[in-house]
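Participant: generate a structure from the sequence data that follows.
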Amino acid sequence: MSALPAQEMAPARDEAWRKVLAGDKDGFRHLIEPYLPELMAAAARELRYRRAVGDLRPPDLSADELVGETLARGWRDRARKPQSLDVRPWLLGLMFKVLESIVRSERRAR
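Facilitator: Numbering: from 1, shown residues only. As a prediction, this is how the structure comes out:
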């Protein structure tokens, strides 16, 4: 069985996102689930870097916490996702914004 071409999948993704915008939490989970391993890896990598440069200390934040905060923000701000942007790059970009916000808060607290 071959995969559907991207142009045939787009209407289904658009419809799924419309349901998410209407409040479908299960639909949101279904759309983000394929990207969780990549999001976790990116979070771990970025946290290692932020610790190495002194922006964060090891107990400040875990990759699980960063991904959790990213997903919570994603759900809350789902209406702000640009229509032309797929879920994967949106989530990754959102994770970096969330982390930058946390780093700024940590700097102010110190």
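Participant: so where's the longest helix in the chain?
Facilitator: For the chain, the helix with the greatest residue count under DSSP state H is helix 87-109.
Participant: residues of that one that come out buried?
Facilitator: Neighbour counts over helix 87-109 (16 or more other Cβ atoms under 10 Å) mark 87, 90-92, 94-95, 98-99, 102-103 as buried. No exception for glycine: its C-beta is placed from N, CA and C like everyone else's.
Participant: so T70 sits right up against L91, yeah?
Facilitator: Yes - with contact defined as Cβ atoms under 8 Å, T70 reaches L91; the gap is 6.6 Å.
Participant: shared neighbours, those two?
Facilitator: Shared contacts of T70 and L91 (Cβ atoms under 8 Å, 6 or more residues apart in numbering): L39.
Participant: R76: neighbouring residues, count only.
Facilitator: When neighbours are defined as other Cβ atoms under 10 Å, R76 has 9 of them.
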